[in-house]
Structure formats: C-alpha cells, structure tokens
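**Student:** sequence unavailable; structure follows:
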Ligand code: G3H
Ligand code: ZN
C-alpha cells in the first residue's frame, strides 16, 4: 500500500531500526524491490532522483507505474514513493504527479534560503498529506548530477530546520555518495550524536548507504538514524550479474537474448542486495 514515510519512520525510530530507501531506475528495479519488501514483510521507500525520473519519461509515469505495481503485485507492506535530492521545482512536479513523499535538498543554499523554501514546502506537504525530508550539511561525492562537498552538519542549523515541521532530516556526517574511497575517515558519530540531541524525536536519514560497514550502520541506528538510502550498491550488483550472464555467453544460447531472460540475473542480484540491507537495518517483519 502506498503511504507517506511518516508513520513507518516514527515506528522505526521508536523501535531502533531503520527503513531502507532503495532508488529505482526502471520497471525491473521497482519490481525487484517491491517483491523483496513483501517477501520480508518490511516497509520500504522507493527513491527517485530527478535524473531517474527523467529517464523513466517523467514523474507521472513513475507514480502510475508504482501505484499499478503495488496493486497488481498485491503489495500489502507500507511503500513510500519519494523524490530523492529534489530541487524546489522538482518537488512541485512530484507533488503534482502523486508521490507520497519528497526530499527538498536545499543543502547547497545559504541556510536562510534553505529555511525559507523548506518552510513553504512543509506547509504544502501538510496540506497534501505528504512527508518531507530536508537536508543540512552535505553528502560528499556525486549522485546523478547532485554534487556535495561533504561538510558535516551544524547541529544548530539542524534544529532550525527540524523545528519547521519536516518529517525527517538528512544531516551530513561524513557520509559520501557512491563507493567509499580507501582513505575515507568514517562517519562522524560525534556530529550524529550532537544532531540527535538537538532534534529529539525527529527521524534522521543516512545517505550514501552503499558500502558503510555493518558496525557503523548499527551505531548510526542506535544514535537516531531511521532511514538509510542505498543506490549505488544495487547498481553494482545488477551490473555484475548482467555482465556475468553475457560474458558466460548465455545471451547467445537458446533464447537468452530475450530481455526477460537477459535482465533476470540482474533483478535477482538487486533482490539479494535489498534483502541483505533490510536484514542489516532491522526492518524485516516490521510491516
Ligand atoms: O540519495 C541516495 C543515496 O544517498 C544513495 O547513496 O548511492 O552511495 O548508496 P549511494
Ligand atoms: Zn543521497
């Protein structure tokens, strides 16, 4: 069932686990993630970047596809359809398209402008019954054209944004989009603890979930993280499984070139990655 992220994240914060946001790119991605969530009885958030939305021809197509899949696959677990790292304009497009949740990424803006735009979107989302994620500090690296410097969030600024009434808050704590470099210093638990103390019950969001060691994930959850975003890791497993299928020459045998066969190993690999993350995040059986 399509829901906002509010209820599922409140439950996660209280229950000391996290809900995974897995980014989608096409039908296969969406189907694999929804099937895994249903099988594991886990709540799930489908993330859509502006680039992926464009790739799928627009947010309207994405919303229609997700809603139809939820119905035709008999998905009964809570599913939120969420804009990832949205611009101000992108947020309005997704509100119009029927998403249940959006992220306004004003982290690159001066804090006053971030506050002003977030405040406006809080009011709109409340009126529409949608959830809203805001960001303070920035996530390092690059994701779909969104580039961040990776500076840690200021806990005071986090409080200012949290007090506007957003549903969840992404705070930069040394996390990076994409594969972590060998010289990565790790998450700043000092920053996370300080932010957590300032924002109280507000569910915190950890971006750049690909490749963060399990012990750091667990510690982050214990300090108030209730939503963890994973994108690159599904892409890597999809690519590796597809490459293996092709390099083994399976696309040359029988009807192995049939897209339904060619894309199947990649879809299974996405399922395995999502399952592993849901188990690590503790969301299995929490639907
Ligand atoms: O917003 C999406 C994420 O933060 C995903 O990051 O690609 O490093 O897993 P990732
Ligand atoms: Zn992100």
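**Tutor:** Received, thanks. Note that the structure is predicted; figures quoted are calculated from it, not measured. Ligands and ions are numbered 1, 2, ... in the order given.
**Student:** mind checking how far the residue lying closest to residue 144 once chain neighbours are set aside is from ligand 2?
**Tutor:** Nearest residue to residue 144 in three dimensions, chain neighbours excluded: residue 51, at 3.8 Å (CB to CB, 6 or more residues apart in numbering). Glycine gets a C-beta too; all of them are placed from N, C-alpha and C. Relative to ligand 2, residue 51 is positioned 12 Å away (CB to the ion, to the nearest Å).
**Student:** and residue 51, which of the three is it?
**Tutor:** Three-state call for residue 51 (DSSP: H, G, I helix; E, B strand; the rest coil): helix.
**Student:** for whatever residue of the stretch 1-150 of the chain ends up closest to ligand 1, list each beta-bridge partner.
**Tutor:** Closest to ligand 1 within the stretch 1-150 of the chain is residue 84: 4.6 Å, counting by CB to the nearest ligand atom. Under DSSP bridges, the beta-bridge partners of residue 84 are residue 49.
**Student:** so it makes contact with residue 101?
**Tutor:** No: between residue 84 and residue 101 there is no contact under CB atoms under 8 Å: 9.9 Å.
**Student:** now residue 78: phi and psi?
**Tutor:** phi -70, psi 130 (degrees, to the nearest 10).
**Student:** could we number from 36 for the rest of this?
**Tutor:** Yes, from this point I'll number from 36; that puts the last item at residue 113.
**Student:** how close does it get to residue 54?
**Tutor:** 9 Å (CB to CB, to the nearest Å).
**Student:** okay, and the common contacts of the two?
**Tutor:** Common contacts of residue 113 and residue 54 (CB atoms under 8 Å, 6 or more residues apart in numbering): 43, 78-79.
**Student:** between the two ends of stretch 125-144, how far is it?
**Tutor:** With CA to CA, to the nearest Å applied, stretch 125-144 spans 16 Å between its terminal residues.
**Student:** so which residues on this structure come close to ligand 1?
**Tutor:** 58, 82, 119-120, 178, 212-213, 242-245, 264-268 (CB under 6 Å from any ligand atom).
**Student:** pretty sure residue 76 is in contact with residue 318, am I right?
**Tutor:** No: in terms of CB under 8 Å, residue 76 does not count as a neighbour of residue 318; the distance is 9.1 Å.
**Student:** between the two, who's got more neighbours?
**Tutor:** More crowded of residue 76 and residue 318, by other CB atoms under 10 Å: residue 318, with 27 against 14.
**Student:** residue contacts, that one?
**Tutor:** Residue 318 touches 47, 52-55, 75, 77-79, counting by CB under 8 Å, 6+ apart.
**Student:** and it, helix, strand or coil?
**Tutor:** Residue 318 - assigned by three-state DSSP - is coil.
**Student:** which residue packs closest to it, ignoring adjacent ones?
**Tutor:** Per CB to CB, 6+ apart, closest to residue 318 is residue 77, 4.3 Å.
**Student:** and what of residue 130?
**Tutor:** With CB to CB, 6+ apart, the residue lying closest to residue 130 is residue 163, at 5.9 Å.
**Student:** neighbours of the one you found, how many?
**Tutor:** Around residue 163 there are 16 residues (other CB under 10 Å).
**Student:** next one: it, what pLDDT does it get?
**Tutor:** With respect to pLDDT, residue 163 has a value of 97.
**Student:** from ligand 2, how far off is it?
**Tutor:** Distance from residue 163 to ligand 2, by CB to the ion: 23 Å.
**Student:** outside of the helix or strand where residue 56 lies, which residues touch it?
**Tutor:** Assigned by DSSP states H and E, residue 56 belongs to strand 54-58. Outside strand 54-58, the residues that touch it by CB under 8 Å, 6+ apart are 40, 43-44, 47, 64, 68, 77-84, 87, 117, 119, 240, 244, 261-266, 269, 309, 312-313, 316, 318, 321.
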